[in-house]
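Q: Got a predicted model here, sequence first, then my questions.
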Amino acid sequence: MQGLHRVLIAPERLAGWLAGFAERHGPPVASADAAQLTLVSPDAAEAVIDLIWGPLPGLDPIAELLAQVSRPRRLGALLLRRSAHAVGVFDATELLAHSLGRHYVQGRTKAGGWSQQRYARRRANQAERAYDKASEAAVSLLVPRVGELDGLLLGGDARALRQVLDTPELAPLAALAQRNARRPLPVADPNLRVLRDALAQFLAVPIGLNQAARATSALAQRDDQAGQ
């Protein structure tokens, strides 16, 4: 989506968004590859929609996209930062099970010399223990259910997540994450609210708009706000 303005549309709003795009710009021509569905309208407005759940069959791409994003899914979730982790299982929008943990990791110091090195080693050891706790929670909660899961929601520190998923016990989860690989979501220190909120971010459909589509979309949004 380089050079395009990026918006995120909730699955339940996507049908209305697509209808509005067609009304503003004329019926678009749709074309799809393995990763994206591109809509090009008669007035040169263009929308590039990420296929977050994989390729479409291709017979009726817009209808297939709507069916794909609206399908209820069972998802695992692993959110991890140095100071906390959250692990959960969602069935559609219901949080079926979860595990939360907070970790003590010292902040950085401005001290120098050997003191700084000892402090850095202590901080690294604390972080390792924190990641071990997150790994234990994922092994306990997610690995037994991995065969039921349609995907894995990841959020937080990308390096820490890679380290945790590289542990042999979590190999099934690492394989699940690769099925529809996405960047980890940026999240605050994980807690129950952050875990619940992350689901909406994960399910939102990314759409890139060129300048022609972006200008009219901004006007439509202002009109909607004025009419409220």
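A: Cool, the structure landed. Numbering: from 1, shown residues only.

Q: Please count neighbours and contacts with C-alpha atoms only from this point.
A: Fine.

Q: so for stretch 134-154, what's the average pLDDT?
A: Per-region confidence: stretch 134-154 scores 96 on mean pLDDT.

Q: Contacts for that stretch next, please.
A: 73-80, 85-89, 97-99, 101, 161, 164-165, 167, 169-170, 172-173, 176-177, 179-180, 183-185, 199, 202 (Cα atoms under 8 Å, 6 or more residues apart in numbering).

Q: Just the residues you listed: which are in strands?
A: Judged by DSSP state E, the subset of the contacts of stretch 134-154 located in strands is 74-80, 85-89, 97-99, 101.

Q: Write a ChimeraX command that selects only the buried members of the residues you listed.
A: To isolate in ChimeraX the members of the ones in strands among the contacts of stretch 134-154 that are buried, counting by 16 or more other Cα atoms under 10 Å, one can use:
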select :74,75,76,77,78,79,80,85,86,87,88,89,98,99,101
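
Q: ok, of the ones in strands among the contacts of stretch 134-154, which one's closest to Ile9?
A: Nearest to Ile9 among these, counting by Cα to Cα, is Leu75 at 19.2 Å.

Q: pretty sure the closest one contacts Val89?
A: Yes: the pair Leu75 / Val89 is scored as a contact, 5.7 Å apart, by Cα atoms under 8 Å.

Q: other SSEs contacting the host helix or strand of Gly16?
A: Using DSSP states H and E, Gly16 sits within helix 11-25. For helix 11-25, the packing partners by 3 or more Cα pairs under 8 Å, 6 or more residues apart in numbering; DSSP states H and E come out as helix 61-70, helix 211-227.

Q: Pick out the shakiest of the ones you listed, pLDDT-wise.
A: helix 211-227 - the lowest mean pLDDT of the helices and strands packed on helix 11-25, at a mean of 62.

Q: how about low-confidence regions in this protein?
A: The model of the chain has pLDDT under 70 over residues 1-2, 104-128, 216-228.

Q: do that again at 90, thanks
A: The chain contains residues with pLDDT under 90 at 1-3, 58-59, 81-84, 102-132, 179-181, 214-228.

Q: Break it into its domains for me.
A: As assigned by automatic domain parsing, the chain contains the domains 5-71+204-227, 74-190.

Q: quick one: the last one to chain centroid distance?
A: It stands for domain 74-190. Centroid separation for domain 74-190 versus its chain: 15 Å, with Cα atoms, centre = their mean, to the nearest Å.

Q: again with the shortest one
A: Mean C-alpha position of domain 5-71+204-227 versus that of the full chain (Cα atoms, centre = their mean) differs by 18 Å.
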